[in-house]
Structures are given as structure tokens and as C-alpha cells.
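>>> Mind looking at a prediction? Sequence and model below.
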Amino acid sequence: QQIPDLCKNAVFAIEDKAFYSHWGVDLGAYPSALLPALFGGRVRGASTLTQQLAKNLFLTPERSITRKLRELLLAIQIERTYTKDEILEFYFNQVYLGAGAYGFQAASQRYFGRSLDSLAIGEYAILAGLLQRPEAYRPDKAPGLARERRNTVLSSMRSTGYITKRQMVEEMTKPIVCTGTEPENHRAAYYVETIRQFMEKNWGENFIYHQGVNVYSTLDRALQHYAESCMVNNLNSVQRRMKYHTARVLAMPQRLKTPLDTIVRHWEKYYARFDTLYLSKDTAANDSDRTFPDSLRYHHAQSALIMIDNRTGAVRALVGGEDFNVSKYNRALQGKRSPGSSFKPFVYAAAIDNGASPGNQVEDQPITIPDPMDTSKAWRPHNYEDKFEGAMTMRRAMYLSKNLPAIQVGMQYGLNTVVSYARRFGLRNNVPAVPSVSIGSCEATLMEMVSAYTTFPNYGIRPEPYFVEEITDRQSLPVYQNIPVTHEVLRKASAWIVLTMMKDVNIRGTAAAVWASGFRHPSGGKTGTTNDYTDAWYIGYTNYYTLGIWVGCDDHFPLGNGHTGTKDAVPVWLDVMNFAHKEMPIKDFPQPDGVTSAKVCIKSGLLAQSFCDNTFSDYFLAGYQPTENCERRYHSTLGKEKGANLFNTESRPNPPTNPLNNGRVRKTF
């Protein structure tokens, strides 16, 4: 009774003129609808409102004779069970009208910012016109198509006698004006869908759509909206660089005789033309012998983002891709990608937790690792820049993201140990115990990686991420209350020492842009770039939040030369973190108990003396630091006499038992 008659009449006129007289099915419309299918075409629409309701509630949008028959039988059953007015009530409140709006009242607010009973005739016609193709006829996105469709509905309303000719002409001349605002939950579409899936898995669809429950999420609206805009802007920049590169490689300006900037500005148009003329043109029977190989085609980049509150594990912002309406695939939760160098903190954490110091010497030099399955084969890893510096500290190897030292550290302390720690950090996918795992040759989701990084600002404790704080029923009685879950990953001292290494990444390492930008909240993080520039990562944290960004192509196609975590992910992190911290006090990470510092002679591995010319000062776990003074004999023999070097465990004090490692200590070659 509350649905305006003009709104109902607009729907009757364009969708179901005989609604009150048929019994759920209009058989007279079926011959013209089914005829194309007999000749290999698609079934055309001939559904009554009751059939549409049946399809929306119980069936898929598949176009086939079988689905039409099921729809027909369901419509008859609905008509036998409910009155016409009840069916109308169901229909007007359930039907999808684009932009995430279900039902006419929601669509009225979404597009016009007003209640349904306050609209004009033309606006009712716009809403009725959306029923055929909700996204295509959206007045806020496609006003031209929406105007044509509105006028079609108005003409139908005139022909059925619902409005006069004067009213029709008057409404057709009016411009389309959308004054509605995008709903909060529509802007956080991937986030809301994650909550919907959580509820459906635990309580079912009826609970979600018919029980009138209230859901209190962890979402920070301001952070979410700002993060979405930053990510989209950055992704547009990444895609633009990829388009310029593709256009140059394919010589599109010369072949299309069009300026490069024009091609990029109108990419869809010109790339489609080029694809027709060249990329899809067969020059031989074999598809691999096309004018241009498939490897030169343009591949669309995507991105994902997650922000977690360190104190609780609450997910404050999540973006699963460029546009939820185009792709429902949530890259933040579902995308299993190689983390590359962003995995290295777990390797160094395993070493530190088993007695290493960030100042320990490691070798950045070429190595050859035999294949255990085939001795005739070997792996020769290299650094990103294909240059080697020789001896360096673990700290420097970390902040410069050197591959060779990370591989050697992983092998020194045991690949099984590295995998064990990765599991403890929360990585649940494929993490093989092979040398390349130390540089991220495994699989992880962005959620796993961001959650793992919260371990460091939390001094070794990883809170389990969650999206829902509380759910209550329509009487506000509690149905669900989140219970925080935490995991003990590292000792406090170990986590803090690794944290200092990751702070250097943001000050003088691959993410030095963080410090250079003027961002002064103490922070740590790690970039990641996988082989052939396929994935770009940056995950970083402050005392308040941990934020991770991933950029890549869904089909695992390389982004292209220069698309690194430093260039493609760090800028988004900086923008969002600056916004998130603009009113927060600067808060550092105090040194916990169990950490000591020492100045050590590199030649002997003992406490440095005045005659030691090659030393380092760094942190140790209490009980792992050297306790004896260096002697001149280690220098006079120039290393010929066996000294107590850093990896000689015989000259080092026995390390304290790590309760998280079942009493095991570090492994050596």
C-alpha cells in the first residue's frame, strides 16, 4: 500500500501489463520469446513480474529453455501461495536496480536522494527502466542510455493510459539529475561482501536477509574511503605506464598514425582497433605465428589493500580490486601470490630467534646450489640489480633486499626452521623447504602477509584478523560477539630486533621514500618484487596500524620493467598512512627486556678491543652475545689461525632455550 501507484504503473507498463489478470505466466508472450532459441539464438525475455521474482529468489540468470520452464513452474506456485499485492511487495523490495541497490526504495535514495513517494513521473520511469539492464541504464553512470530508456517507459505508460500525452512530453524534456549519494557499504563493496560470506557460512541466507539482524563491523569509513581513492589513483598511474609501454613496443602510433598520448587517453578504442588489425590477425595455421606474440599484448593491472589495527587485529580497511561491479574476485583474501622479498623478514626472524645478530657478517656473492633431484642441474640465484657487494651485515642485507645473503641465512639456520616460522607467522599455503623459499618462492595471500607483519609491532604476538565485532537480532539481543584470538610467534626481544632491521628499510633501504617523504612516525616494513616484475608488494607498520599493498595482473603476467614494490606500492602506503596518522601522537617502539648490545670484532666474533680495526655494534638476544675479549693473535695471524668467528658455535655461549622453538637452537651447515 505504501508503494506509489505511479511507480507500480511504470513497472506494469514496461514489464507486465497484465499483472492483475494472469496466473503467473503470460503464455501469449512465449512464442516470440522462445522462437529464436529454436534457431540457435538466445531466449528473449517474456517473464511476468512473478517469474522475475522467482528467478531473482531461486534461479540463476542463465538464458535457456530449461531455466524458463523452472521459472514458469515456480511462478505458478508463487501465485497459488500469495496474493497479487504480496507478490508486488516482495518484488518491489527484492529486485536489483544497480549500484548495489536492492528494491525501489533503496534505488530512490541511491539515485535521487529522496524517498520513493516523493519522485516525479519521469523518475519512476527511470527506475522502471533499470529492471531490464540495471548497470547499463544507471542514470548516474550512463545518463544518455538512461534517458532513452526512460522515454521508452514513458511512451509505454502513455499507450497504456497511465499518463496523458502532455505529461509524457513534459517528462521527456526534463534532464536527468542524480542527487543521491553512494551508500557507505557500496564503497566498501569487497569488505561488505566478506562480511556477507562470513554470515552466510555460519547462519545461512535466511539469517542475513530475513531476520533483521544488526552487524557491527570493524570498518573505519574514513580510512576505507580514502584508501579506495588512493589505490584507484595509484592503479590508474600503473596502468597508464603499462599502456605507454605496450603502445611503444607495438609501434601503435606509427601503425595507427595517431599520437601516442591520444592512444593512451582513449586506450580502449585504439587498442581494440589495433587488436583487430594486428594482434588477432592469423598469418599461419599455428596461433603462435601471429603478427605479434601474445606476450606483447596489454594486460590489465589490479591491486589490493588491507589495513589492520595492531592492537586488536581488527581490519579497518580492505580493497579487493579495482571495481567490485566488474570483478567480485577478492585479491586481498583469495589471491595466492609469490611474496618475493617481502618474505625475507621471516627468514631473518628465524635466525634472530635462534641466536643471530643483525650485525653478523653474511656474504653477498654468487653461489651455486645443486639440484638434489638432478646433480647435473644447479640453481644460480642473483640479486635484483645483478651486483654483489661481498661481506656485509645481515642488517644491511635486509634493508638493501639482497637475495644471496637471505638464501644463505635460510640454509644456515635450516630451511625446515624457516618454513616452521612461516607457518607460525600465519602463512597457510604452499611454503616448500627449498633454498628459494628464503626469497619468497612460496604462495601467500595479502591478508596472510599483513597479518604476519603485525607480529613485529606487537612484540612477537600476532592477533588473528577479524571483520565483525558483534551481531545482534532485531531486539538488539546478542547473536555473536568476537572473541580476540592471538598467536605467540616470537620472543619479545627477537621481534624487536627484527623490527629495528625493518625500520632501516624505511630509512635507508628499498622503502627509503617513507623517511624521505617526511613521514616521521616510527615505522618498519619490507618491499617485495617477484621475478620478471610479476608482483609488487609493500607491507609496513607503525605502532598503530599495519598496511599492505599488492599490485599485479590476475593472469600472473609481468607488469613490466621497473614495476617494483618501491614504485608501485610504497606511494599508496604513504598516502594512506599519512591520512591515518594525521591526529595521532608519534609513538616509538621501546626496547624490551632480553635485548643487549655489544661491539664485536668481525675477525674473531669476540668483544672488540682498541686494536680491532673491523668491528660492528648491534643488538643481541641476552645470552647470545659474546662474553670474551678479542685477542691480538686473531689479528697477527691474519686469519690463518682459527678464530672464534661469528658462525663458530664452539666459541659462543650456549644460547638460552627458546620456548617457542621446543628447545631447538639454530642449525649450521
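Received, thanks.

>>> Flag the shaky bits of the stretch 101-250 of the chain, pLDDT-wise.
Scanning the stretch 101-250 of the chain for pLDDT under 70 picks out 181-186.

>>> can you map out the strands along it?
For the stretch 101-250 of the chain, applying DSSP state E, counting those that start in this stretch gives strands covering 214-217.

>>> And the stretch 301-450 of the chain, by the same measure?
For the stretch 301-450 of the chain, the strands defined by DSSP E, counting those that start in this stretch cover 301-309, 315-319, 361-364, 369-371, 374-379, 390-393.

>>> hey, which of those strands is tucked in deepest?
Most buried of the strands of the stretch 301-450 of the chain, by mean neighbour count (mean count of other C-beta atoms under 10 Å): strand 315-319, with a mean of 27. Heads up, the C-betas are built off the backbone N, CA and C, glycines and all.

>>> one step back: need the strands of the stretch 301-450 of the chain in TSV with distance to residue 258, can you?
Below are the strands of the stretch 301-450 of the chain laid out as TSV (distance: least, C-beta to C-beta, whole Å):
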stretch	distance to residue 258
strand 301-309	23
strand 315-319	34
strand 361-364	47
strand 369-371	50
strand 374-379	46
strand 390-393	50
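
>>> Which of the ones you listed sits closest to residue 590?
Closest to residue 590 of the strands of the stretch 301-450 of the chain is strand 301-309 (C-beta to C-beta; 19.7 Å).

>>> picking that back up, worst average pLDDT in the strands of the stretch 301-450 of the chain?
Looking at the strands of the stretch 301-450 of the chain, the lowest mean pLDDT belongs to strand 374-379 (a mean of 78).

>>> Tell me how far whichever helix or strand residue 546 is part of lies from the chain's centre.
Here residue 546 sits within strand 545-553, counting by DSSP states H and E. Remark: strand 545-553 is offset 7 Å from the chain centroid, using C-alpha atoms, centre = their mean, to the nearest Å.

>>> So which other helices or strands are in contact with it?
helix 221-249, strand 301-309, helix 446-453, strand 535-541, helix 570-580 (3 or more C-beta pairs under 8 Å, 6 or more residues apart in numbering; DSSP states H and E).

>>> Walk me through which strands it pairs with, and which way each runs.
In the sheet, strand 545-553 lines up against strand 301-309 (antiparallel), strand 535-541 (antiparallel) (DSSP bridges).

>>> who touches residue 427 in this structure?
By C-beta atoms under 8 Å, 6 or more residues apart in numbering, the residues touching residue 427 are 346, 442, 444, 448-449, 452.

>>> Can I get stretch 343-363 as CSV, trimmed to CA atoms?
Taking C-alpha atoms only, stretch 343-363 is exported to CSV below (Å, rounded to 0.1, in the frame of the first residue of the first chain):
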residue,chain,number,x,y,z
PHE,A,343,59.1,-12.9,2.8
LYS,A,344,62.7,-12.1,4.0
PRO,A,345,61.7,-10.7,7.4
PHE,A,346,60.5,-14.3,8.3
VAL,A,347,63.9,-15.7,7.4
TYR,A,348,65.8,-13.2,9.5
ALA,A,349,63.3,-13.6,12.3
ALA,A,350,64.1,-17.3,12.4
ALA,A,351,67.8,-16.5,12.5
ILE,A,352,67.5,-13.8,15.2
ASP,A,353,65.2,-16.0,17.3
ASN,A,354,67.9,-18.7,17.2
GLY,A,355,70.9,-16.6,18.2
ALA,A,356,71.9,-14.4,15.3
SER,A,357,72.6,-10.7,15.5
PRO,A,358,71.7,-8.1,12.8
GLY,A,359,75.5,-7.3,12.7
ASN,A,360,76.5,-10.8,11.8
GLN,A,361,78.5,-11.0,8.6
VAL,A,362,77.0,-12.6,5.5
GLU,A,363,78.3,-12.9,2.0
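
>>> Is residue 104 in contact with residue 92, as I believe?
Yes: counting by C-beta atoms under 8 Å, residue 104 does reach residue 92; the two are 5.0 Å apart.

>>> between these two, which one's more packed in?
Just comparing residue 104 and residue 92: by other C-beta atoms under 10 Å the higher neighbour count belongs to residue 104, 26 against 21.

>>> still on that earlier bit, need the residues touching each of residue 104 and residue 92.
3, 7.

>>> Count the neighbours of residue 475 for me.
Around residue 475 there are 6 other residues, counting by other C-beta under 10 Å.

>>> no wait, residue 583
5.

>>> pLDDT score for it?
pLDDT, residue 583: 89.

>>> is it true that residue 19 lies in a helix?
No: using DSSP: H, G, I helix; E, B strand; the rest coil, the assignment for residue 19 is coil, not a helix.

>>> how far out from the middle of the chain is stretch 533-549?
For stretch 533-549, the distance to the chain centre is 11 Å (C-alpha atoms, centre = their mean).

>>> I meant to write stretch 343-360 there.
That offset, for stretch 343-360, works out to 28 Å (C-alpha atoms, centre = their mean).

>>> Do me a favour and average the pLDDT over that stretch.
96.

>>> So for that stretch, what gets flagged as buried?
343-360 (16 or more other C-beta atoms under 10 Å).

>>> How about stretch 611-631?
612, 615-616, 618-621, 624-626, 630.

>>> could you dump that stretch to PDB, C-alpha only?
Extracted in PDB, the C-alpha atoms of stretch 611-631 (Å, rounded to 0.1, in the frame of the first residue of the first chain):
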ATOM      1  CA  PHE A 611      93.300  -2.900  18.200                       C
ATOM      2  CA  CYS A 612      90.300  -4.400  16.400                       C
ATOM      3  CA  ASP A 613      90.100  -2.500  13.100                       C
ATOM      4  CA  ASN A 614      86.900  -4.100  11.700                       C
ATOM      5  CA  THR A 615      84.000  -4.100  14.100                       C
ATOM      6  CA  PHE A 616      80.300  -3.800  14.300                       C
ATOM      7  CA  SER A 617      77.900  -2.700  17.100                       C
ATOM      8  CA  ASP A 618      74.400  -4.200  17.100                       C
ATOM      9  CA  TYR A 619      71.800  -5.900  19.200                       C
ATOM     10  CA  PHE A 620      71.900  -9.500  20.600                       C
ATOM     11  CA  LEU A 621      69.400 -11.600  22.400                       C
ATOM     12  CA  ALA A 622      70.600 -11.700  26.000                       C
ATOM     13  CA  GLY A 623      72.600 -14.900  26.400                       C
ATOM     14  CA  TYR A 624      73.800 -14.900  22.800                       C
ATOM     15  CA  GLN A 625      76.300 -12.100  22.900                       C
ATOM     16  CA  PRO A 626      80.000 -12.800  23.100                       C
ATOM     17  CA  THR A 627      81.500 -12.600  26.600                       C
ATOM     18  CA  GLU A 628      85.200 -12.900  25.900                       C
ATOM     19  CA  ASN A 629      87.500 -10.100  24.800                       C
ATOM     20  CA  CYS A 630      89.200 -10.300  21.400                       C
ATOM     21  CA  GLU A 631      93.000 -11.100  21.500                       C
END
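
>>> Sweet, I'm off.
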